[in-house]
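Undergrad: Generate coordinates for the sequence data below:
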Amino acid sequence: MGTERNTTNVTRTATPGETLAKGTFSARQGEGLKESHGFSKKTRPLKVLLIGHQFQVPTEGQAKAGALAKFPELEIKVLTPARYREGETRWRYPQPSLKTGYQFQVERVALPWAGPAKWYLQWYPDLSRTLHSFQPDVIDVWEEPWSLLSAQICWLRDRVVPAARIISETEQNVGRILPPPFEWFRSYTFRKADLLIGRNTEALQVARAKGYVGPASVVGNGVDTALFHPRDRQRCRLQFGVNGFAVGYVGRLVPEKGLQDLLDAFDGLPAEAGLWICGDGPMRSQLEKAGPRVHLLRPVPREKLPELFNALDILVLPSRTTSRWKEQFGRVIIEAGACGIPVVGSDSGAIPEVIGCPGLIFKEGDSEALRALLESMRANPSRAQQLGQEVQARVESLYCWEAIAQQMRELYRGMFSSESTRLERKLASMQLGK
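TA: Alright, predicted model coming up:
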């Protein structure tokens, strides 16, 4: 894997925008992508290979792939593992959608679970065959750059489809030193990637500090608004036994999620308020003793989550930063927001960036500030309803899968506009080497 990528004397046929002469790889191969709306009539579709365990799930990766497949200038193929360890406790298997518009391929992975190394040592034994048969123009890797899979993809790209561009996607916003061999995998991926996607601004800052010098962009997570949307609130409240002013939390039951701060803040609310906590984790036994106004729910299937969100008046994400972790996005923010439910969050990691409203953010660990925010929502339901409508509009504008797909489409197209990004990265690498 140590061989540097060769970007010249590459044989390609029917590349995006034109057919090239044998033995050349020209910056002109993307000429047809320069128009702001689609390709020219002579252009074949841009072939994009999406790789990641998130594509097992219809409302996550598959929803993204489906949104991308609606663009006629893109030919989408998905590659996802035959099994994936979710939450370190149970195996998850692909649930392919019946209506896709794209190719869906499931492959076995070696080392799908490696104890302390989790899933970061998984790799595809048959990946070379897939690259040979599909001949992608873009390989979009929705796995952390320090994973063995990211390094494998970069190494095979150079040998099987050397003209293909690689996109590496990262959520890591804590700049810690990784144990061997993961720091090496990250360094190798950063040298080879043509574009880095960060799930939040801090993730790009960490990547820069770790040596990435190429082009980069922030693209958030997406939400399936066909599933997450406002519903009959009264019916949803009856379903979950919710009454009065309902505060909610959905996620892992671990200390770093700030659950003790939430309990302390909630204790100061009037008796009519109730707290509904949905999830599982080591704090469950502690939360079971939190009192009659605290209702502890087992994890709800994803298709039932919209009904839970619609039963609430407000959702809280009170995360606390640790030396090894801070909130990387907070998917529940956009899921609840798509249902028209306002979300209050701490200032840990990407939470303020995703919520986008300073008035709904409190300093992490400050239970009194959180209590004041909750009380203001309880005392002014019309204001809470207005905030819910505003956050719903924001989510539909920025975080629905169609909006995310539009961002990715423009990034795919931009990768073929010129060779300047490669030159910029090469020059920057030379400067760092001085």
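
Undergrad: At which residues are the helices of the stretch 101-250 of the chain located?
TA: Along the stretch 101-250 of the chain, the stretches classed as helices by DSSP state H, counting those that start in this stretch are 127-134, 148-160, 182-192, 201-209, 233-240.

Undergrad: Quick check: which of these is nearest to Trp325?
TA: Among these, helix 201-209 comes nearest to Trp325, with 12.2 Å by C-beta to C-beta. C-betas here are computed from N, CA, C, even on glycine.

Undergrad: Phe382 falls within a helix, correct?
TA: In this structure residue 382 is Ser, not Phe. Yes. Using DSSP: H, G, I helix; E, B strand; the rest coil, the secondary structure at Ser382 is a helix.

Undergrad: Could I get the pLDDT score of it?
TA: On pLDDT, Ser382 comes in at 94.

Undergrad: can you count the residues close to it?
TA: When counting by other C-beta atoms under 10 Å, one arrives at 7 neighbours for Ser382.

Undergrad: Contacts only, for Val321.
TA: No, residue 321 isn't Val; it's Thr. Counting by C-beta atoms under 8 Å, 6 or more residues apart in numbering, Thr321 makes contact with Glu256, Glu327, Ser348, Gly349, Glu364.

Undergrad: Just to be sure, the first one is in a helix?
TA: In this case it means Glu256. Yes. Counting by three-state DSSP, Glu256 is located in a helix.

Undergrad: That one and Trp276, how far apart?
TA: Note on Glu256: its distance to Trp276, by C-beta to C-beta, to the nearest Å, is 20 Å.

Undergrad: just the third one next, same as before
TA: Using C-beta to C-beta, one obtains 22 Å as the distance from Ser348 to Trp276.

Undergrad: quick one, which of those two is more surrounded?
TA: Remark: of Ser348 and Trp276, Ser348 carries more neighbours, 26 against 21, as counted by other C-beta under 10 Å.

Undergrad: still on that earlier bit, just the closest of the contacts of Thr321 to Lys192, please.
TA: The nearest one, if we look at the contacts of Thr321 relative to Lys192 and count by C-beta to C-beta, is Gly349, at 27.2 Å.

Undergrad: Contacts only, for that closest one.
TA: Shown in contact with Gly349 (C-beta under 8 Å, 6+ apart): Asn173, Asn200, Glu202, Ser319, Thr321, Lys326, Glu327, Gln328.

Undergrad: quick one: which of these is nearest Thr100?
TA: Gln328 (27.8 Å).

Undergrad: And for the residue nearest to that closest one when sequence neighbours are not counted, the neighbour number?
TA: Nearest non-adjacent residue to Gln328, counting by C-beta to C-beta, 6 or more residues apart in numbering: Glu171, 4.2 Å away. By other C-beta under 10 Å, the residues close to Glu171 number 18.

Undergrad: Ile277 belongs to a strand?
TA: Yes. Checked against three-state DSSP, Ile277 lies within a strand.

Undergrad: what residues are up against the spatially closest residue to it that is not a sequence neighbour?
TA: When the adjacent residues along the chain are set aside, Ile277 lies closest to Tyr249, with 4.8 Å between them (C-beta to C-beta, 6+ apart). Residues counted as contacts of Tyr249 (C-beta under 8 Å, 6+ apart) are Lys257, Leu259, Leu262, Leu275, Trp276, Ile277, Cys278, Gly279, Leu315, Val316, Leu317, Pro318.

Undergrad: Would you mind putting the contacts of Gly349 into a markdown table with distance to Pro270 and pLDDT alongside?
TA: Formatted as a markdown table, the contacts of Gly349 follow (distance: C-beta to C-beta, whole Å; pLDDT from 0 to 100):
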| residue | distance to Pro270 | pLDDT |
| --- | --- | --- |
| Asn173 | 37 | 96 |
| Asn200 | 36 | 96 |
| Glu202 | 37 | 97 |
| Ser319 | 26 | 98 |
| Thr321 | 31 | 97 |
| Lys326 | 32 | 96 |
| Glu327 | 29 | 97 |
| Gln328 | 34 | 96 |
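
Undergrad: what's the closest of the residues you listed to Ile167?
TA: Taking these together and measuring to Ile167 by C-beta to C-beta, the closest member is Asn200, at 16.5 Å.

Undergrad: For that closest one, give me its contacts.
TA: Counted by C-beta under 8 Å, 6+ apart, Asn200 has contacts Glu171, Asn173, Val218, Gly220, Gln328, Phe329, Gly349, Ala350, Glu353, Val354.
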